[in-house]
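A.B. asks: next come a sequence and a model predicted from it.
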Amino acid sequence: MRGWRLRRRLGAVYGAVAVILLLSAGMIGWSMARLDDAIHVRSDILAPVQVGTVRLISSLVDQETGVRGYVLEGDDQYLDPYTQGRETENELRASLAARVASRPDLQRGLATLEQRVNEWHNDYADPAIAAVRAGGVDAANRLDPTVGKVRFDAVRAAGTALDDAVRAAALQARDNLSDAVRTLVISLVVAAVALIVLLTLIFRALRVWVTRPLETVGADVRQVAAGSLEHQIGSTGPPDIESLARDVELMRLQLLGELETAREARASVEAQAEILRRSNRDLEQFAYVASHDLQEPLRKVASFCQLLSRRYGDQFDERGSQYIHFAVDGAKRMQQLINDLLAFSRVGRSTESFVDVDLTDVVERARVTLSIALEGSGGEVTAAGLPTVPGDPVLLTQLFQNLIGNALKFHGEQPPRVRIGAVERPDEWELFCADNGIGIEPEYAEKIFVIFQRLHARDAYEGTGIGLALCRKIVEFHGGLIWLDNTVESGTTFRWTLPKRRAVVLPTDLVPHGNSTEPSPPALLPQSSPPARSSPPAQSSPPALPKPGGPS
């Protein structure tokens with residue numbers, strides 16, 4: 001059976017069990033049938049026959065007594081036992097004949113008894129009664145009494161023989177009943193022992209063929225799952241379980257190969273991360289140089305140009321004064337651009353400064369910072385229902401300051417009106433900043449978030465084109481999304497999300513914004529339609545796009 005599969009082995013075992021159980025059931029059924037037959041013979045045949053025989057002999061004795069009294073006295077009342085005995089005799093003879101029909105030994109005894117009874121009736125009883133009725137007691141005395149005695153002694157002998165035969169048959173039936181009971185008990189015991197042995201063999205077979213091999217394979221698998229990937233999974237048991245063990249072993253080998261690939265990929269990622277860390281250190285060094293070393297020459301250029309304008313201004317013609325003005329203005333714009341780039345590069349360094357921030361206080365700080373611009377433009381900022389979220393208070397203040405500042409900068413003929421609010425979602429807050437300004441065309445909904453992109457000429461609106469790019473970087477650093485609501489009919493509405501719980505965000509200095517492909521923000525409100533999030537690469541000197549106005 002070593003080469004047999006598990007199904008074939010179990011089929012053979014269960015087949016043997018079925019055969020043995022069928023044999024046991026047959027033996028038990030035969031024993032019960034034998035017991036039923038013995039009970040039937042003893043209770044339904046021999047016991048009634050034995051009682052009937054006794055009653056028949058008793059009725060014959062009553063008849064003989066009645067005939068003798070009638071012959072001696074000639075009184076008809078002595079014939080009553082005889083008459084009743086004849087009726088009982090006929091009934092008992094018919095009943096006994098029916099019951100012993102299947103017993104030839106008892107049929108012979110009953111036939112002999114009936115013959116002797118008929119001889120007694122024919123040879124003595126009936127003639128004696130007829131003689132007394134015809135000639136009285138004297139006539140009966142003329143009959144030979146020895147004939148009656150001989151004939152009735154023969155009846156007694158036949159009755160005794162029948163009774164002895166019935167008793168012998170009853171004893172034999174009792175012995176047969178005892179043997180049947182004994183056989184049935186033995187059959188039940190043998191069947192129970194056979195069943196116990198078979199169950200033990202089945203348990204042993206399942207243990208050897210199924211559970212023990214599975215436990216062995218399971219122990220090997222648990223050892224591999226615990227980290228010992230080099231541990232080999234052995235094959236044992238029937239071919240089915242050996243095949244299973246081989247499949248698991250192949251899976252282990254595949255996992256080893258994939259683990260090796262993952263290790264190589266991890267080493268590659270760590271190498272790339274190290275390159276990014278070195279690049280970030282270089283960028284931090286560049287930011288330091290830009291904030292200190294580059295600004296100093298710019299300040300000197302601007303200062304000396306202003307000195308030239310004050311000291312020698314009367315010696316310059318109009319074109320020379322214009323050149324001096326251009327130089328000073330360029331130096332100042334260069335300083336502002338360097339400061340904005342420095343602020344942009346500092347966003348996303350770490351989330352360690354995250355605390356619970358009340359956005360109502362943040363909006364108030366931004367309003368105080370922009371108080372001069374609000375007074376100059378006659379603008380108004382309203383905020384309601386703002387939540388408390390985890391984040392960096394400085395960066396969130398800068399976010400609201402940039403959005404409110406854009407609304408104040410790009411206002412129309414009416415004084416700027418800025419409305420800030422929030423809508424609660426299951427896992428985040430959706431905030432919005434809406435104004436009544438000049439608005440933004442839908443085709444520029446994505447370009448406005450790209451660094452250095454401008455929708456207007458520099459002489460129309462001041463700015464470096466970094467403000468909205470900085471807003472996007474701040475929102476994404478906090479684990480949210482920002483987009484332009486294209487469904488508003490007038491003004492500009494920005495929408496963005498902030499998580500209710502602190503989000504795990506990869507520092508943005510390790511993920512270059514221009515080279516990442518990000519998913520589109522979900523449609524959080526029916527009236528808003530967030531744009532696709534793929535940003536075009538930043539250009540070093542982007543042209544001014546033909547647009548009446550827009551944010552920078």
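C.D. replies: Happy to help now that I have it.
A.B. asks: okay, CA-based contacts and neighbour counts for the rest of this
C.D. replies: Will do.
A.B. asks: which elements pack onto the helix or strand containing residue 401?
C.D. replies: Secondary structure assignment for residue 401, by DSSP states H and E: helix 393-409. Other helices and strands packing on helix 393-409, by 3 or more CA pairs under 8 Å, 6 or more residues apart in numbering; DSSP states H and E, are helix 359-369, helix 371-377, strand 417-424, strand 428-435, helix 467-477.
A.B. asks: which one of those lies nearest to residue 400?
C.D. replies: Closest approach to residue 400 among the helices and strands packed on helix 393-409 is made by helix 359-369 (6.4 Å; CA to CA).
A.B. asks: past the lowest-mean-pLDDT helix or strand in the chain, which element shows up next along the chain?
C.D. replies: One helix or strand of the chain scores below all others by mean pLDDT, DSSP states H and E: helix 137-141, with a mean of 65. For helix 137-141, the following helix or strand on the C-terminal side (DSSP H and E) is helix 145-206.
A.B. asks: where's the residue nearest in space to the middle of the chain, which helix or strand?
C.D. replies: Geometric centre of the chain, nearest residue: residue 218, 21.6 Å, by CA atoms, centre = their mean. Following DSSP H and E, one finds residue 218 within helix 212-225.
A.B. asks: that helix: how far from the chain's middle?
C.D. replies: Centre-to-centre, helix 212-225 and its host chain are 24 Å apart (CA atoms, centre = their mean, to the nearest Å).
A.B. asks: and the angle for the following helix or strand past that helix with helix 212-225?
C.D. replies: Following helix 212-225 in sequence order, the next helix or strand is helix 239-291 (DSSP H and E). Orientation of helix 239-291 against helix 212-225 (axes from the mean of the first three to the mean of the last three CA atoms, to 10 degrees) gives an angle of 10 degrees.
A.B. asks: average model confidence for helix 239-291?
C.D. replies: For helix 239-291, mean pLDDT is 80.
A.B. asks: just checking, what packs against it?
C.D. replies: Partner elements for helix 239-291 (3+ CA pairs under 8 Å, 6+ apart): helix 212-225, helix 318-346.
A.B. asks: can you do 10 Å?
C.D. replies: helix 6-40, helix 212-225, helix 318-346 (3 or more CA pairs under 10 Å, 6 or more residues apart in numbering; DSSP states H and E).
A.B. asks: dump those into TSV; add distance to residue 99 as well.
C.D. replies: TSV is the format used below for the helices and strands packed on helix 239-291 (distance: least, CA to CA, whole Å):
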stretch	distance to residue 99
helix 6-40	12
helix 212-225	66
helix 318-346	120
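A.B. asks: can you tell which of those is closest to residue 153?
C.D. replies: Smallest distance to residue 153 across the helices and strands packed on helix 239-291 (CA to CA): 34.0 Å, for helix 6-40.
A.B. asks: please name the residues that touch residue 257.
C.D. replies: 251, 263 (CA atoms under 10 Å, 6 or more residues apart in numbering).
A.B. asks: any idea how far it lies from residue 268?
C.D. replies: 17 Å (CA to CA, to the nearest Å).
A.B. asks: residues contacting the residue nearest to the centre of the chain?
C.D. replies: 211, 212, 224, 233, 245.
A.B. asks: and these, which are buried?
C.D. replies: Neighbour counting by 16 or more other CA atoms under 10 Å classes 211, 224, 233, 245 among these as buried.
A.B. asks: reformat these as CSV; add distance to residue 439.
C.D. replies: What follows is the buried ones among the contacts of residue 218, written out as CSV (distance: CA to CA, whole Å):
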residue, distance to residue 439
211, 75
224, 63
233, 69
245, 69
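A.B. asks: out of those, flag the one nearest to residue 175.
C.D. replies: Nearest member of these to residue 175, counting by CA to CA, is residue 211, at 51.5 Å.
A.B. asks: show me what contacts that closest one?
C.D. replies: 203, 204, 205, 217, 218, 237.
A.B. asks: tell me how many other residues crowd residue 45.
C.D. replies: Residue 45: 20 surrounding residues under other CA atoms under 10 Å.
A.B. asks: what residues are up against the closest residue to it other than its chain neighbours?
C.D. replies: Of all residues not flanking residue 45 in the chain, residue 99 sits nearest, at 5.9 Å (CA to CA, 6 or more residues apart in numbering). Residues in contact with residue 99 (CA under 10 Å, 6+ apart) are 44, 45, 46, 48, 49, 106, 107.
A.B. asks: which of the helices or strands spans the closest residue to residue 60 other than its chain neighbours?
C.D. replies: Closest residue to residue 60 apart from its sequence neighbours, by CA to CA, 6+ apart: residue 85 at 6.5 Å. Element membership for residue 85 (DSSP H and E) is helix 80-99.
A.B. asks: average model confidence for that helix?
C.D. replies: 83.
A.B. asks: buried ones in that helix?
C.D. replies: Result for helix 80-99 [16+ other CA under 10 Å]: buried residues 81, 82, 85, 86, 88, 89, 92, 93, 96, 97, 99.
A.B. asks: the second one is in contact with residue 70, isn't it?
C.D. replies: Yes: under the criterion of CA atoms under 10 Å, residue 82 makes contact with residue 70 at 9.5 Å.
A.B. asks: name the residues contacting each of the two.
C.D. replies: With CA under 10 Å, 6+ apart, residue 82 and residue 70 have common neighbours residue 64.
A.B. asks: I'm done for today, thanks for sticking with me.
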